[in-house]
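Chemist: Sharing a model that was predicted from the sequence below.
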Amino acid sequence: MQTLDWLILIFTLLFIVVYGAWKTKGSQNVKDYILGNNESKWWTIGISVMATQASAITFLSTPGQAFHDGMGFVQFYFGLPLAMIIICIFFIPIYHKLNVYTAYEFLENRFDQKTRSLAAILFLVQRGLAAGITIYAPAIILSSILGWSLNWLNFIIGVLVIIYTVSGGTKAVNVTQKQQMFIIMSGMFIAFYLILSYLPEEVSFSNALQIAGVNDKMNIVDFSFNPNSRYTFWSGITGGLFLALSYFGTDQSQVQRYLSGKSSTESQMGLIFNGFLKVPMQFFILLTGVMVFVFFQFNKVPLNFNPTSKIAVEKSIYAQDYKNLEEKLAAIQEEKKVVTLTYTQQLNVEVDNPVLRKRIIALSEKEKNLREEAQEIIKKTNNEPNDKDYVFIHFILHYLPTGLVGLLLAVILSAAMSSTASELNALSSTTTIDIYKRNLKTEKSDQHYVRATKGFTLLWGAIAILFACFGTLVENLIQLVNIIGSVFYGTILGIFLVAFFFKFIKGSAVFYGGVLSQLIIFIIYYFAIHIYPSGKELLGYLWLNFIGAALTIGLSTLFQLLRSNRK
């Protein structure tokens, strides 16, 4: 990185922190601090909801996911627009009518305190883990690239977020996320344009899409009913729907964004805005990753994008074996470049040459096999072979011009700060309102609860930083976050669905139904997903959201019927 890159990076991050702290200082009561005094307009809510979900993991992992596996991951979001409509019709009017600070307050009104506490604790556990990952994700990438201490990067990112989140609460999060989303999307559009401009002159955007298609990267929709496949149309509109319902409808990090709306209508419009834009945004980010793949058909590509893994191999007894694989990859790539260019030239005269197409496919298969051999060698050195999270950052650092490197790194860190700020804000609010305040014997002043919320923000920030420091990179990060969510979200959503639609079920039944459902999900996850290699599970993790919700509803109904029969 050059001096200009550092200046752009530092100025961007400091501007966000200082602006957020200055713009929202002086929140003295709970409503102002937790709900932003209900002043948010619909576009602020929509952007804040998008920014909360679009963490650094999205911009690090998603392009790498597309580079390796193509566009199929977009199916994960197919259930989201429908979830937004359901939440707007059923969830938001009730939340606003009851004038709650957190989603879990509603559960005590409907059931009892123990059910409210169960849902709040499940949220705190899974979101606390996720907060650590959203800090850890950019830190581990930047640590390996820049050579900085991982723990210091975790600390720097965490402290920057804590400063303005403690200072201004929800309003600070909402205000800063508008600037962060502008920086994020500007950086991504610039990167996309530059990728296309770096392709050979004879390769148009249409040609690039055809090249990606030949290499099996443009299979957007899979209508198969194979439960082993992680991403299909059916898992997207069922498991993805239930995940989105739980995340946007019951996760306080999202609920708090639209509870700050001026009215129920403003909140609904903000969520619909998110529903319209989220799938196209994810499609665009995935397409950026596919274009990076096409770019590397004509430029030197590493055998493994993780620089730490390569250094470890070069210092091991397997160094020569790895070097032999690199030489084979270079030969394959040189041939593939010539074949792909020839194929493109024939496409430009409207001739799809089947011989060249088959040759490209064969070369891609050889390259894939070499990468798998390299991963086996990396595993022998006790290093993590996963490199999906390093693909986009490798392109940024090695191919973007001075200045834009700093901007794209600012994009990654801004996304990390944006998502982490929402998570810490929600964790502290839930801890204060649902645990601390609910169990106090005497009533305290508004100023006391504001101070308590700030204190819990500091506490959860410290916990997130500690978890980030001791975290381990398992899986592709964007999948890891969604797996954690899927393990917990189904049960939480099931409790809320019972509250909304099953009026005859009472508190004790849904409490014990939720507890048993969560235990069963842990067992299913361990035996059907965890112990199997990535992508080879007996069950795709998205189905856990549906199963968890269905189990909670079914068990709660059973317990209520047994209780009624006993009476």
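Modeler: Yep, it's here. It should be emphasised that the depicted structure is a prediction, and the values quoted were computed from it without experimental measurement. Numbers count the residues shown, from 1 in each chain.

Chemist: okay, now Ala212: neighbour count?
Modeler: Burial measure for Ala212: 20 neighbouring residues, criterion other Cβ atoms under 10 Å. Placement of C-beta: from N, CA and C, glycine included.

Chemist: show me what contacts it?
Modeler: Residues counted as contacts of Ala212 (Cβ atoms under 8 Å, 6 or more residues apart in numbering) are 70, 218, 290-291, 293-294.

Chemist: quick one: low-confidence parts of the stretch 151-300 of the chain?
Modeler: The model of the stretch 151-300 of the chain has pLDDT under 70 over residues 164, 167-180, 227-228, 230.

Chemist: mind listing what Ala509 touches?
Modeler: The neighbours of Ala509, taking Cβ under 8 Å, 6+ apart as the test, are 556-557, 559-560, 563.

Chemist: what about Ser267, distance to Phe546?
Modeler: Relative to Phe546, Ser267 is positioned 26 Å away (criterion: Cβ to Cβ, to the nearest Å).

Chemist: More neighbours: which of these two?
Modeler: Ser267 (29 against 20).

Chemist: That one and Asn299: what is the separation?
Modeler: From Ser267 over to Asn299 (counting by Cβ to Cβ), the distance is 47 Å.

Chemist: Kindly report the same for Asp434.
Modeler: Taking Cβ to Cβ as the measure, Asp434 and Asn299 are separated by 52 Å.

Chemist: for Val161, same thing?
Modeler: With the distance defined as Cβ to Cβ, Val161 ends up 36 Å from Asn299.

Chemist: Also Phe155?
Modeler: Phe155 sits 36 Å away from Asn299, taking Cβ to Cβ as the criterion.

Chemist: try Val515
Modeler: As defined by Cβ to Cβ, Val515 lies at a distance of 54 Å from Asn299.

Chemist: One more: Tyr525?
Modeler: 40 Å.

Chemist: Neighbour count: these two, which is higher?
Modeler: Set side by side, Tyr525 and Asn299 show unequal neighbour counts under other Cβ under 10 Å, the larger going to Tyr525 at 20 against 14.

Chemist: In contact with Gly128, which residues?
Modeler: If you count contacts by Cβ under 8 Å, 6+ apart, Gly128 has them with 427, 460, 463-464, 467.

Chemist: Next: Val161.
Modeler: Contacts of Val161 by Cβ under 8 Å, 6+ apart are 135, 416-417, 420-421, 424, 461.

Chemist: Pick out the most distant pair among the residues you listed.
Modeler: Among the contacts of Val161, the pair separated by the greatest distance (Cβ to Cβ) is Ala416 and Gly461, at 13.1 Å.

Chemist: related to what we said a few turns ago, the contacts of Gly128 in helices, which ones?
Modeler: Of these, the ones assigned to helices by DSSP state H are 427, 460, 463-464, 467.

Chemist: could you dump those to TSV with distance to Leu209 and pLDDT?
Modeler: Shown next, in TSV, are the ones in helices among the contacts of Gly128 (distance: Cβ to Cβ, whole Å; pLDDT from 0 to 100):
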residue	distance to Leu209	pLDDT
Leu427	42	87
Trp460	44	88
Ile463	45	87
Ala464	40	85
Phe467	40	79
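
Chemist: Return the member of those residues nearest to Lys336.
Modeler: Of all the ones in helices among the contacts of Gly128, Phe467 has the smallest distance to Lys336: 41.9 Å, by Cβ to Cβ.

Chemist: What is the burial count for that closest one?
Modeler: Taking other Cβ under 10 Å as the neighbour definition, Phe467 ends up with a count of 18.

Chemist: Look up the closest residue to it, ignoring the ones flanking it.
Modeler: Ranked by Cβ to Cβ, 6 or more residues apart in numbering and with sequence neighbours excluded, the top spatial neighbour of Phe467 is Gly132, at 3.0 Å.

Chemist: next one: Lys278
Modeler: If you skip the residues right next to it in sequence, Lys278 has Leu80 as its closest partner in space, 5.6 Å away by Cβ to Cβ, 6+ apart.

Chemist: Surely the one you found and Gly240 touch.
Modeler: Yes - the pair Leu80 and Gly240 passes the contact test of Cβ atoms under 8 Å, sitting 6.8 Å apart.

Chemist: ok, these two, which is more surrounded?
Modeler: Under the criterion of other Cβ under 10 Å, the comparison of Leu80 against Gly240 puts Gly240 first, with 27 against 23.

Chemist: got a list of what that one touches?
Modeler: Under the criterion of Cβ under 8 Å, 6+ apart, the contact partners of Gly240 comprise 75-80, 542, 545.

Chemist: Of those, which is the most crowded?
Modeler: Each of the contacts of Gly240 was scored for neighbours by other Cβ under 10 Å, and Asn545 scores highest at 33 neighbours.

Chemist: What strand or helix carries that residue?
Modeler: Using DSSP states H and E, Asn545 sits in helix 543-566.

Chemist: what mean pLDDT does that helix have?
Modeler: Taken as a whole, helix 543-566 carries a mean pLDDT of 90.

Chemist: what comes into contact with that helix?
Modeler: Counting by Cβ under 8 Å, 6+ apart, the neighbours of helix 543-566 from elsewhere in the structure are 227, 235, 238-240, 242-243, 246, 486-491, 493-495, 497-498, 502, 504-506, 508-510, 512-514, 516-518, 520-521, 524-525, 529.

Chemist: would you list the ones in helices among the contacts of Gly128 in TSV and tack on distance to Leu271?
Modeler: Listed next are the ones in helices among the contacts of Gly128 as TSV, based on distance: Cβ to Cβ, whole Å:
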residue	distance to Leu271
Leu427	22
Trp460	25
Ile463	29
Ala464	26
Phe467	30
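
Chemist: ok, so of the residues you listed, who is nearest Ile285?
Modeler: Distance from Ile285 was checked for each of these by Cβ to Cβ. The minimum falls on Ala464, at 24.3 Å.
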